[in-house]
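**Student:** Got a predicted structure plus its sequence, pasted below:
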Amino acid sequence: MAEREIVDISILIETCTKLLMKFQRKEQLPRKFVPEDYEELDQFEQDLSLFMAEAGAEGEAFLRCWRGSPLEIHVKNDAVNTRDVKRCLKLMVAFRNEVEER
Amino acid sequence: MKVCLIAPITRRREPPRNYPMGLACIASALREAGHDIDVLDLDINRADEAGTEELVRGIEADVVGIGGLITTYGESKRLTQLVKHYHPDTRLLIGGRMAASSPELWLEKTQADFIVEGEGEVTAVELLHALEQDEDLINVKGIWYREGDKYVRTLPREYIPDLDALPRPAYDLFDIEAYVDNWKSWSRNTRPIMMVTCRGCVVLCSFCYQGFGGFRQRSVESFVEEVEFLVSEYGIDTINFADSTLMVNKKFVEGFCNEVIKRDLNLKWYCASRVSDLSPKHGDLLRLMKAAGCRRLHFGVESGSPKILKGIKKGTTVEAAEQSIRMARESGIIVHTTYIYGLPGENRQTLEETADFCRRNLTPTSFFFATAYPETELYSQALGAGKIGDEETFIAQLGDVDQFTVNLSEIPDDEFIDLKAEMERATQLPLPVFLFRYWRAYGTANFARYLAFIWESYPTSEIVQRLFRFMGRRPSKPKRSGEPYWLDKNKQEAESKDLFPVS
């Protein structure tokens, strides 16, 4: 199996923004979530985890914070938890800003 | 239970003209469920800070509910502090779009106990029942609450399928007369009220938050009965439809028009339509609307640029907009169009396309700023682009769409405000010039109709003000740093032509 490439944080933010917009649209119209939605989300989360794993102590702190969500969201059947996707986007933007400030 | 519902001040800069419909619906549902309802309508009361504090202190209730638009976040947060200060044991609920679009923020930054998400009529009744019976809150669908360090959102509430099954809004708990009276400064000799026939929408535009799910509409019978009630109880003679998509269901519109004529209600009404909801086969429907009292049709054209229209996912086209404007005008209905300035992708070229559209179609126009309200696609884009910063600060400064908050366009920040002002000056003609061109383009009958509409719709002071503009006393545009680029000679030379040549 080919080794996964590390995706840049700006690309990850762009992907997360697109996913959030897509999922919010499905939630609000409303439309059914399909397996591809989960696959895309899963792919993104893997890329994010890989990036953060390579980002040293800040990356570890990010992962702790991201995985320790205070949100307990109950969703219907096939729905994606959009609130945690939004939370992830906010964390990523804050992470990028902090790195850029340094 | 004793419940007090608080309506915060919606717009401090002007008196309220629309009663808080959402709260009136919740009040009605709770009252029908046997609760004792009191209302503290601060929007109509307009007490100062000390007066508001006194009013909140005087509340006697087991449960306090606050509901409104997200633009009232700051006002409402202050109210949560006052409620909890004077009544620490009272359960505090937040509802309406302001709650549903930012539930985490309310739980994290305020002392609210519960957030009601989406349509609240069933949820609020079930929540109060669970509180009364001390039942497990996880079984109440559509709410958020704190549990230890966690913010819990229960399963989403199903949308209410039959809107006719809901009780009529509790008009009697609000000072409807005061709201009607506040229209006097805006329109002559009318007694208007805002009404909605539907919830949800058929599309989701990038600038819109749709917390009510798919499109559902009341039956004609139920709606007209409520209209008759308002006519007899409050002397209402004008309806402002707040539906953004009234024309989606042509059968409803046709049925409503027929009933208004049959029952001789003698109503005037104003409504909005998506431009793509009309096609050449709807000429008869438009004429029926005119006969039933429709005076003005509002089209949210948003942009004259195909690129921008595609980007906002409204499902409309420039051609459809032109066709709908023409059809409505031919049927004798006055057309008003609105545009959103500064959408993602907006640049000088797209603005020029919009200006051209305005000049071609010659309707009264309004330009609004693209505003990133929470849970909209624009908000997510702004968030991803790092333009939100501290979320509470951003949300607290959100106002109406005529107030600038964030630049999402390709236009440089230092030109953004001035460019909008110049766009408005170039497309909104002085009234007499507009009328002359209108007469020349659309004939005497349309012109006379428009004059009658102006006389009927605007107070004398507004008409005089517009005439003054014609006499050269145009109000000065807001000054910001730097001159608009087309006033800068160097930049003008660089451009092949003026952006907004006034024809």
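**Tutor:** Received it, and whenever you're ready, just let me know what you need.

**Student:** From here on, just use CA atoms for contacts and neighbour counts.
**Tutor:** Noted.

**Student:** so where's the stretch 51-200 of chain B uncertain?
**Tutor:** Nowhere does the stretch 51-200 of chain B drop to pLDDT under 70.

**Student:** Repeat the analysis, applying 80 as the threshold.
**Tutor:** Judged against pLDDT under 80, the low-scoring parts of the stretch 51-200 of chain B cover residues B:184-189.

**Student:** quick one, what contacts the residue of the stretch 201-350 of chain B found nearest chain A?
**Tutor:** Relative to chain A, the nearest point of the stretch 201-350 of chain B is B:Gly213 (5.2 Å; C-alpha to the nearest C-alpha). Listed by C-alpha atoms under 8 Å, 6 or more residues apart in numbering or on different chains, the contact set of B:Gly213 reads A:28-30, B:159, B:199-201.

**Student:** what element comes up after the one helix or strand A:Glu39 maps to heading to the C-terminus?
**Tutor:** Assigned by DSSP states H and E, A:Glu39 falls within helix A:35-53. Per DSSP H and E, the first helix or strand lying C-terminal to helix A:35-53 is helix A:56-67.

**Student:** between that next one and helix A:35-53, how big is the angle?
**Tutor:** 150 degrees (axes from the mean of the first three to the mean of the last three C-alpha atoms, to 10 degrees).

**Student:** Quick check: closest non-adjacent residue to B:Arg287.
**Tutor:** Nearest non-adjacent residue to B:Arg287, counting by C-alpha to C-alpha, 6 or more residues apart in numbering or on different chains: B:Ser331, 5.2 Å away.

**Student:** what about the one you found, neighbour count?
**Tutor:** 18 (other C-alpha atoms under 10 Å in any protein chain shown).

**Student:** Surely it touches B:Cys294?
**Tutor:** No: between B:Ser331 and B:Cys294 there is no contact under C-alpha atoms under 8 Å: 10.5 Å.

**Student:** got a list of contacts for the helix or strand where B:Phe256 lies?
**Tutor:** Assigned by DSSP H and E, B:Phe256 belongs to helix B:250-262. With contacts defined as C-alpha under 8 Å, 6+ apart, helix B:250-262 is touched by B:219-220, B:224, B:246-247, B:266-267, B:285, B:288-289, B:291-292.

**Student:** Any chance of those residues in TSV with secondary structure as columns?
**Tutor:** Output for the contacts of helix B:250-262, formatted as TSV (DSSP: H, G, I helix; E, B strand; the rest coil):
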residue	secondary structure
B:Ser219	coil
B:Val220	helix
B:Val224	helix
B:Leu246	helix
B:Met247	helix
B:Asn266	coil
B:Leu267	coil
B:Leu285	helix
B:Leu288	helix
B:Met289	helix
B:Ala291	helix
B:Ala292	coil
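
**Student:** Please pick the buried ones from those residues.
**Tutor:** Burial by neighbour count, judged by 16 or more other C-alpha atoms under 10 Å in any protein chain shown, picks out B:219-220, B:224, B:246-247, B:267, B:285, B:288-289, B:291-292 from those.

**Student:** what residue ranges in the chain score low on pLDDT?
**Tutor:** Just so you know, I chose chain A. Ranges of chain A meeting pLDDT under 80: A:1-4.

**Student:** that's the wrong chain, I wanted chain B
**Tutor:** In the predicted model of chain B, residues B:184-189, B:428-431, B:433, B:441-442, B:453-454, B:456-503 satisfy pLDDT under 80.

**Student:** mind pulling up the phi and psi values for the residue nearest to the spatial centre of chain B?
**Tutor:** Centroid-nearest residue in chain B, with C-alpha atoms, centre = their mean: B:Ala242, separated by 7.1 Å. The phi/psi pair for B:Ala242 (degrees, to the nearest 10) reads phi -90, psi 0.

**Student:** I'd guessed it sits against B:Cys271; true?
**Tutor:** Yes: at 7.1 Å, B:Ala242 counts as touching B:Cys271 under the criterion of C-alpha under 8 Å.

**Student:** Are the helix holding A:Glu39 and chain B in contact anywhere?
**Tutor:** No: Helix A:35-53 stays clear of chain B (C-alpha under 8 Å from any C-alpha of the partner chain), getting no nearer than 14.9 Å.

**Student:** So which bits of that helix are buried?
**Tutor:** A:37, A:41, A:44-45, A:47-53.

**Student:** same thing with stretch B:179-187?
**Tutor:** Result for stretch B:179-187 [16+ other C-alpha under 10 Å]: buried residues B:179-180, B:182-184, B:187.

**Student:** Chain A against chain B: which residues are in contact?
**Tutor:** Checking chain A against chain B by C-alpha under 8 Å from any C-alpha, the hits are A:13-14, A:16-17, A:20-21, A:24-25, A:28-30, A:70-76, A:86, A:89-90, A:93.

**Student:** So which of the residues you listed belong to strands?
**Tutor:** A:71-73 (DSSP state E).

**Student:** can you redo those as JSON lines with neighbour count?
**Tutor:** Below are these laid out as JSON lines (neighbours: other C-alpha atoms under 10 Å in any protein chain shown):
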{"residue": "A:Leu71", "neighbour count": "17"}
{"residue": "A:Glu72", "neighbour count": "18"}
{"residue": "A:Ile73", "neighbour count": "18"}
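
**Student:** tell me the contacts of residue 44?
**Tutor:** Reading this off chain A. A:12, A:15-16.

**Student:** switch to chain B, that's the one I care about
**Tutor:** Contacts of B:Ile44 (C-alpha under 8 Å, 6+ apart): B:9, B:15-16, B:175, B:178-179.

**Student:** now do B:Tyr438
**Tutor:** Residues near B:Tyr438 by C-alpha under 8 Å, 6+ apart: B:362, B:447.

**Student:** try A:Leu41
**Tutor:** For A:Leu41, the contacting residues are A:Leu19, by C-alpha under 8 Å, 6+ apart.

**Student:** quick check, B:Leu93 in a strand?
**Tutor:** Yes: assigned with three-state DSSP, B:Leu93 falls within a strand.

**Student:** Can you name the next helix or strand after the top helix by length along chain B?
**Tutor:** The longest helix of chain B (DSSP state H) is helix B:431-457. Note on helix B:431-457: by DSSP H and E, the next helix or strand toward the C-terminus is helix B:460-470.

**Student:** angle of that following helix against helix B:431-457?
**Tutor:** Here the directions of helix B:460-470 and helix B:431-457 differ by 180 degrees (the same axes, to 10 degrees).
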